[in-house]
Structure formats: C-alpha cells, structure tokens
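Visitor: below are the sequence and a predicted model; questions follow.
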Amino acid sequence: MTIQKFSNLDRVKIVSSLQNTSFDLVVIGGGITGAGILLDAASRGLKVALIEKEDFASGTSSKSTKLIHGGLRYLKQFDFWLVKEVGTERSVVHKLAPHLVIPEKMLLPLVENGSYGKWLTSIGLKIYDILAQVEGDDQRRMLEKKEALEKEPLLPSSILKGAGYYAEYRTDDARLTLENIKTALQFDATAINYTQVKDFVYEDGQVKGVHVTDMISHKGYTINTKYVINATGPWVDDLREVNQSKKGGSLHLTKGVHLVFPHEKLPVKQSVYFDVPDGRMIFAIPRGKITYVGTTDTNYTEDKNDVYANITDALYLIEAVNHMFPKIHLQLEDILSSWAGLRPLIHEEGKSPSELSRKDEIFVSQSGLVSIAGGKLTGYRKMAERTVDKITKMIDDDYGIKTKKCHTDDIPLCGGPWKNFAEVQTYINSVYNKIKDDGFAEYDAWYLVTTYGKQTETILALYNSLTEQKAYERMAIAEFRFSVDYECIENPVDFFVRRTGRLYFDIESIKPLIPVILKEYQQAFQADTAKVEVYRNTLNQLIRKHSEIRE
C-alpha cells in the first residue's frame with residue numbers, strides 16, 4: 001500500500017495547480033458530502049478540486065453521533081426509502097473501510113410505558129433487517145428480561161420487559177471524511193483546506209469558477225471550472241445567497257449535542273439506544289477509555305461558527321442517562337469533553353426538529369450552481385452518487401461527453417484494503433505485539449489501527465526512528481509527522497481534534513503532549529515563537545471549552 005503525499009508544506013505548489021488548471025468540477029465544502037463527491041467524480045475520470053474554508057471535517061462532519069447506522073427511528077415516520085438506503089449502505093461502507101467502520105451491537109431496552117412495545121419492536125426490527133438486507137449473526141434478536149440484564153446489568157430491572165438486539169457500525173466521522181479525500185487524490189483529484197470562496201466567476205450568466213481567499217497567505221486567486229457544487233452543509237444557504245439563488249427549499253438547522261464521560265462513570269458493556277421520557281431516543285456508546293452520550297435535537301439560529309453544549313443540553317442528557325440507568329448518578333462535573341454540531345436539514349413548515357426528514361435534496365440555480373443539502377453521514381456515498389450523476393448529465397447535455405457510472409462501492413479507502421473485519425482484529429494484535437514491550441497497552445494498538453488502518457506501519461517506522469523522548473511522546477510525534485506529510489494539517493489543532501480525535505476521546509492526553517507537539521509544529525512549519533504561543537493558548541482554551549459546560 002503506497003500513501004500519497006498530501007501536505008500543507010506543499011501549499012504553494014497546490015495553489016499554483018489550482019490557479020493554472022481548468023477543472024471539470026470544483027466542490028466547495030470539505031465535509032463528508034464534499035469528500036464523497038470528490039472521490040466519486042474523480043474516480044469517474046473528471047478533473048476535480050475540493051476547497052474547504054477551514055480544516056477538512058471541521059463542521060458537522062466531526063460532530064455527528066459517529067455511527068454508520070440504518071436509522072431505526074425513521075421506521076416510526078414510515079420513511080422506508082431512507083431506512084432501505086442507509087441500512088444497505090452500512091455494509092458497503094464497512095466493506096470499504098472495516099478498520100474505520102466497526103461492527104457495534106446495539107441494545108434497545110423495552111421498558112414499561114416506553115416508546116417501543118415488544119411486538120412492534122420485533123416487527124420493526126424484522127422490517128429493518130429486510131429493508132437493510134441484514135444477514136447472518138447481524139440479524140435482530142429479541143431478548144427476554146433476563147437476557148437483556150445479562151447483556152447490560154445497568155438497565156432498570158423494575159421496569160425492564162426485554163430488549164431488541166441488533167447490529168450497527170461505529171466510526172470516526174472526521175477520519176472517514178479525510179480518507180475519502182486522500183483516496184480521491186489517487187484518482188488525480190486536488191484538495192486544499194483553509195481556502196474560502198468569496199464569489200463566483202460567471203460567463204454568459206453561468207457559474208464557471210470561484211474567487212477564493214487563501215486563509216493562510218490572505219491572498220486571493222481564481223479557480224476556473226465547468227461546474228461548481230456547493231456541499232457546505234450548514235453554510236449551503238450562505239453560498240446560495242452569494243449566488244443570488246436562495247429560492248425554493250431552504251435549510252432548517254438543528255443542534256445535536258454529545259457528552260463524553262470516563263467509561264468507569266458509565267460502564268455500559270455495549271451500545272444502548274434508549275427511551276427518554278419526552279419520547280426521543282438517545283445513544284450511550286462505549287469507545288475505548290470513554291462512553292459518550294447523545295444526541296439532542298433543537299432548533300438553532302445562532303452563530304454557525306461557534307456551536308457548543310450549554311447547561312440545558314447537558315442536564316437533559318444527564319437526566320436521560322440517570323433515568324435509564326438507575327445505578328448511575330452522573331453529574332455535570334463528570335463530563336470529560338463534549339461536542340455540538342449542526343444538522344443541515346431541509347425546512348418543512350410546521351414540523352419539529354425530530355420530525356424533519358433526513359433526506360437529501362439537490363438544488364440547481366439558473367446560473368448552474370448545484371447545491372446539495374440534508375442527508376445523513378451513513379448515506380454520504382449515495383448522496384455523492386446522485387449529485388455527480390446530476391453533473392455528468394449536464395456534461396453530456398452541454399458537451400456531448402459520456403462519463404463512467406459510479407463505482408465507489410468497489411474502491412477501498414486509504415488505510416486498507418482488508419479482506420474483512422477479522423483481518424483488522426488480527427492486525428491490531430500484531431501491532432500490540434510490536435509495541436507492548438515499550439509500555440503500550442492493548443488500547444494503544446486498537447487506537448492506532450482504528451484511526452489509521454494499515455497506515456500504522458508508516459507511523460511505527462517513524463516511531464522507531466526516534467530515540468530521545470519517552471515512548472508515548474515518540475508515538476505522538478510519529479503521528480504528528482505522519483499528519484504533516486500525508487494528512488494536510490496546517491496547525492496543532494487540526495492534529496489534536498480531527499486527525500486523532502483526542503479532544504473528544506482522550507482529552508486528558510492532550511495537555512502533557514502540548515509542549516512536544518508545539519516543538520514539532522515549530523520545526524515543521526518554521527513558525528515563530530508568537531505563533532507557537534497562539535496555538536498553546538488556543539489548545540488550552542479548546543480543552544476548557546469542551547470540558548466546561550457554558551451557560
């Protein structure tokens with residue numbers, strides 16, 4: 001497996017290529033939707049570039065529930081089409097990146113006066129299995145009360161009637177986004193972060209490019225292209241306004257909050273999808289050292305660039321957990337970290353946030369700007385296929401050129417390929433055997449492989465070339481150097497938040513590593529002392545912001 005260089009140390013060269021190439025397609029937005037479109041279009045033979053105003057996956061695509069799941073709750077809304085599509089997609093995405101999209105058994109407790117009765121749950125899960133084409137051990141099972149308590153002793157025995165037991169997949173959304181982008185580079189795509197669209201280029205009233213500002217050099221330049229896709233998630237309508245085409249459907253933003261606790265404070269044995277007294281459903285998901293809980297679903301009209309969990313959000317989730325798990329007594333001070341993201345849903349008059357459809361929708365303006373909004377993380381590949389199909393039809397109509405059909409269901413993502421998940425587990429054991437003598441735990445091997453897949457080999461080679469620091473520091477340095485050379489980080493925040501997920505899943509590891517990583521950053525990017533201090537303060541502020549709940 002060869003890994004392609006993808007570094008902001010080559011930024012001048014990347015910018016020059018963007019300025020001097022005539023593209024078939026420019027994708028605005030470096031979240032999972034834009035990343036999926038980039039890979040789909042590039043793998044069909046189009047010349048494609050992706051631009052992102054901040055870091056890749058810095059918006060919604062690093063702040064989801066981090067599940068590739070079939071949307072069981074959409075059966076209650078009779079949204080069979082959505083359940084069928086995203087349910088089927090789960091196994092496809094797992095096949096493409098089994099190190100990153102990991103099988104996760106889900107327990108659905110059935111309680112007195114709960115949202116789901118036993119008979120309806122059994123029928124619902126059966127329909128779910130059929131629609132999602134679930135086979136073998138992953139097919140649903142109905143558990144009696146005794147079995148359910150064996151699976152999860154923390155459940156409320158006094159009101160528990162049984163449980164549904166079924167399969168979903170857990171992921172790291174930011175890593176999934178990045179690996180799609182890196183895989184697209186193998187098909188001659190171009191991608192850059194920290195580059196903001198300021199306006200569109202028009203020829204005869206049609207969009208034929210974008211005027212952008214490099215947020216690092218603060219210089220402006222133009223990228224020329226036949227077509228432009230606006231895949232900016234919560235910012236879709238902002239760009240439609242720049243294009244003067246915000247007509248018809250519009251976005252309805254809702255906020256989803258997740259809280260992170262030490263696993264020992266909420267020691268669930270597997271993921272649980274449970275009732276909240278107000279009728280909503282919430283996940284509790286164990287992941288390595290932590291358990292995270294979410295999500296909320298509330299209307300949002302404030303600053304899209306500063307979304308955070310507040311006291312109301314936190315108390316709602318804590319009360320929900322304490323209600324379902326009576327032996328657990330979580331408090332605000334137990335929160336290790338948190339994240340909050342925005343869902344860019346399509347507005348429907350009179351519907352509450354939870355009632356709004358998660359379907360995606362494509363808007364095409366009179367000037368030819370194609371905008372994609374709505375949708376779910378799980379369905380990103382099909383959303384990309386539909387959007388690129390729209391572009392290839394326009395190419396055929398405008399230029400008489402036929403383009404390949406979508407085949408991203410057969411393109412393994414960076415970090416693979418793998419035969420199956422069993423091979424991933426064998427590889428985790430192999431990595432553990434290589435590092436255990438240096439004091440690393442099984443968790444560290446699991447973390448490396450479920451973050452980087454087979455790219456772990458490159459990181460271990462970098463690690464073995466270092467001798468001066470403590471083992472844990474050497475490994476972090478190796479990860480940082482890998483991120484600089486192959487994952488296009490621009491600063492230490494990109495590394496700690498989106499490349500490694502430490503801000504959410506291992507926040508306590510950050511402070512001891514800040515001096516080590518800042519030294520590496522200074523050397524790699526030739527940063528002056530003032531800039532290093534800016535990032536020292538930024539990282540400390542981020543730790544406070546995510547671990548201390550605001551009013």
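Guide: Everything's here; your move. Residues are numbered from 1 along each chain as shown.
Visitor: flag the shaky bits of the stretch 201-350 of the chain, pLDDT-wise.
Guide: Low-confidence segments of the stretch 201-350 of the chain (pLDDT under 70): 348-350.
Visitor: helix, strand, or coil at residue 511?
Guide: Three-state assignment for residue 511 (DSSP: H, G, I helix; E, B strand; the rest coil): helix.
Visitor: assign the closest residue in space to it that isn't next to it in sequence to helix, strand or coil.
Guide: Leaving aside its sequence neighbours, residue 511 sits nearest to residue 543 (C-beta to C-beta, 6 or more residues apart in numbering; 6.8 Å). The way it works is simple: take the backbone N, C-alpha and C, and place the C-beta from them, glycine included. Of the three states, residue 543 takes helix under three-state DSSP.
Visitor: contact partners for residue 543?
Guide: 503, 507, 510, 511 (C-beta atoms under 8 Å, 6 or more residues apart in numbering).
Visitor: what is the nearest of those to residue 217?
Guide: Compare each of the contacts of residue 543 with residue 217 using C-beta to C-beta and the shortest gap goes to residue 503, at 26.9 Å.
Visitor: surely the closest one touches residue 511?
Guide: No: counting by C-beta atoms under 8 Å, residue 511 is not a contact partner of residue 503; they are 11.5 Å apart.
Visitor: higher neighbour count, these two?
Guide: Between residue 503 and residue 511, counted using other C-beta atoms under 10 Å, residue 503 has the larger neighbour count: 24 against 11.
Visitor: which element is the residue nearest to residue 296 when sequence neighbours are not counted on?
Guide: In space, and not counting its chain neighbours, residue 296 is closest to residue 257: 4.5 Å by C-beta to C-beta, 6+ apart. Residue 257 belongs to strand 251-262 when assigned by DSSP states H and E.
Visitor: coming back round to it: the residue nearest to residue 296 and residue 314 touch, don't they?
Guide: Yes: if you go by C-beta under 8 Å, residue 257 and residue 314 touch, sitting 7.5 Å apart.
Visitor: rewinding a little: how near is the residue nearest to residue 511 to residue 332?
Guide: Residue 543 is 17 Å from residue 332, where distance means C-beta to C-beta, to the nearest Å.
Visitor: ok, now residue 167?
Guide: Distance from residue 167 to residue 332, by C-beta to C-beta: 33 Å.
Visitor: of these two, who's got more company?
Guide: Higher neighbour count among residue 167 and residue 332: residue 167, with 20 against 12, using other C-beta under 10 Å.
Visitor: which ones are touching the more buried one?
Guide: The contact partners of residue 167, taken as C-beta under 8 Å, 6+ apart, are 103, 104, 105, 106, 134, 137, 138, 139.
Visitor: so among those, where is pLDDT lowest?
Guide: The member of these with the lowest pLDDT is residue 134, at 66.
Visitor: sec struct for residue 10, please.
Guide: Secondary structure, three-state DSSP: residue 10 is helix.
Visitor: can you give me the pLDDT of it?
Guide: pLDDT, read off for residue 10, is 98.
Visitor: now the one 3 residues further on
Guide: pLDDT, the model's per-residue confidence, is 98 for residue 13.
Visitor: quick check: the gap between it and residue 287.
Guide: Counting by C-beta to C-beta, the gap from residue 13 to residue 287 is 38 Å.
Visitor: more neighbours, those two?
Guide: Set residue 13 next to residue 287 and count neighbours by other C-beta under 10 Å: residue 287 wins out with 20 against 10.
Visitor: okay, now the closest residue to the more buried one other than its chain neighbours: neighbour count?
Guide: Nearest non-adjacent residue to residue 287, counting by C-beta to C-beta, 6+ apart: residue 505, 6.1 Å away. Here the number of neighbours of residue 505 (other C-beta under 10 Å) works out to 20.
Visitor: ok so, going back, who has more neighbours, residue 257 and residue 314?
Guide: For residue 257 versus residue 314, the count of surrounding residues by other C-beta under 10 Å is larger for residue 257: 25 against 21.
Visitor: what's opposite that one in the beta bridge?
Guide: residue 340 (DSSP bridges).
Visitor: re earlier: residues contacting the residue nearest to residue 287?
Guide: Applying C-beta under 8 Å, 6+ apart, the residues contacting residue 505 are 260, 287, 288, 289, 290, 337.
Visitor: report the buried residues of the strand holding residue 257.
Guide: Under the neighbour-count criterion of 16 or more other C-beta atoms under 10 Å, strand 251-262 has 251, 252, 253, 254, 255, 256, 257, 258, 259, 260, 261 buried.
Visitor: show me which of those residues is closest to residue 154.
Guide: Nearest to residue 154 among the buried residues of strand 251-262, counting by C-beta to C-beta, is residue 261 at 13.0 Å.
Visitor: so residue 61, which of the three states?
Guide: Assigned by three-state DSSP, the conformation of residue 61 is helix.
Visitor: swap in residue 98?
Guide: Following three-state DSSP, we place residue 98 in the coil state.
Visitor: next one: the residue nearest to it when sequence neighbours are not counted from residue 199, what distance?
Guide: For residue 98, ignoring the flanking residues on the chain, the nearest one in space by C-beta to C-beta, 6+ apart is residue 421 at 4.5 Å. To residue 199, residue 421 is 46 Å away according to C-beta to C-beta.
Visitor: again with residue 253
Guide: 24 Å.
Visitor: circling back to that earlier point, roughly how far apart are the residue nearest to residue 511 and residue 324?
Guide: Residue 543 sits 29 Å away from residue 324, going by C-beta to C-beta.
Visitor: what about the nearest residue to residue 99 once chain neighbours are set aside, how many neighbours?
Guide: In space, and not counting its chain neighbours, residue 99 is closest to residue 453: 3.9 Å by C-beta to C-beta, 6+ apart. Number of residues near residue 453 (other C-beta under 10 Å) recorded here: 25.
Visitor: my guess is residue 453 contacts residue 416, does it?
Guide: Yes: assessed by C-beta under 8 Å, residue 453 is found in contact with residue 416 at 5.9 Å.
Visitor: list residues touching both of these two?
Guide: Between them, residue 453 and residue 416 share these contacting residues under C-beta under 8 Å, 6+ apart: 97, 99.
Visitor: now the residue positioned nearest the centre of the chain. Its backbone dihedrals?
Guide: Centroid check for the chain by C-alpha atoms, centre = their mean gives residue 173 as the closest residue, at 1.9 Å. For residue 173, the backbone dihedrals (degrees, to the nearest 10) come out as phi -60, psi -40.
Visitor: residue 64 is in contact with that one, correct?
Guide: Yes: Residue 173 lies in contact with residue 64 (C-beta under 8 Å); the separation is 4.8 Å.
Visitor: so what sits against both of those two?
Guide: Counting by C-beta under 8 Å, 6+ apart, the common neighbours of residue 173 and residue 64 are residue 377.
Visitor: distance of residue 488 relative to residue 11?
Guide: 9 Å.
Visitor: those two: who's more crowded?
Guide: Ranked by neighbour count (other C-beta under 10 Å), residue 488 and residue 11 place residue 488 first, with 29 against 18.
Visitor: sec struct for the more buried one, please.
Guide: Applying three-state DSSP: residue 488 is coil.
Visitor: how about the strands in the stretch 101-250 of the chain?
Guide: 102-111, 141-144, 160-170, 190-192, 195-203, 206-214, 220-230 (DSSP state E, counting those that start in this stretch).
Visitor: sheet partners, orientation included, of the fourth one?
Guide: Sheet pairing for strand 190-192, assigned by DSSP bridges, gives strand 48-51 (parallel).
Visitor: what's next to the helix or strand just after the strand it pairs with, contact-wise?
Guide: As assigned by DSSP H and E, the chain's next helix or strand after strand 48-51 is strand 67-68. Residues outside strand 67-68 that contact it (C-beta under 8 Å, 6+ apart) are 89-90, 93-94, 101, 104, 168-171, 283, 285, 377-378.
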